[in-house]
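Trainee: Take this sequence and fold it.
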Amino acid sequence: MTERRAAHRYDLSLPVIIRVLVEKEMSSRNGKTRDISTRGVYFTMDQDMGDGAELDITLTLPAEVTQGSEVFIRAMGKVVRVDRKPESNTDRVGVAAVIERYEIIRSESVTQ
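Mentor: Numbering: from 1, shown residues only. A predicted model of the protein is given here:
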């Protein structure tokens, strides 16, 4: 099978906050990334989500990963696939999303 991804994915398990529009209101949900790249992210969460849902994703890259200070990332994207049973013996849902745009905020910018 040929690799079709345009960007390298990094296996990172990080807490993530997902905001999604539900019945005309933004709803926040918590999840955990499995892997991430500049063009996409795969995460798991306890709640189900529909294909095509628009997402606002917030996560923090720890200093150990960036080899400097913490970096906050806010990304906007769209769900492209939902795995209803990504892990055996769990009710978690796996979500693959394409990242349409993102901004990187270094921790120094946040505290000023």
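
Trainee: May I see the buried residues of stretch 45-57?
Mentor: Met45, Met49, Ala53, Leu55, Ile57 (16 or more other Cβ atoms under 10 Å). (Each C-beta comes from the backbone N, C-alpha and C, glycine too.)

Trainee: what does it contact?
Mentor: The contact list for stretch 45-57 (Cβ atoms under 8 Å, 6 or more residues apart in numbering) reads 16-21, 26, 29-32, 41, 43, 73-82, 84, 91-93, 95, 97, 99.

Trainee: End to end on it, go ahead and measure it.
Mentor: Start to finish, the residues bounding stretch 45-57 are 13 Å apart (Cα to Cα, to the nearest Å).

Trainee: That stretch - what's its average pLDDT?
Mentor: Stretch 45-57 shows a mean pLDDT of 91.

Trainee: Equivalent analysis for stretch 9-21, please.
Mentor: Stretch 9-21 comes out at a mean pLDDT of 91.

Trainee: Excluding chain neighbours, what is closest to Asp83?
Mentor: The spatial neighbour of Asp83 that comes closest, neighbours along the chain excluded (Cβ to Cβ, 6 or more residues apart in numbering), is Gly94 at 3.5 Å.
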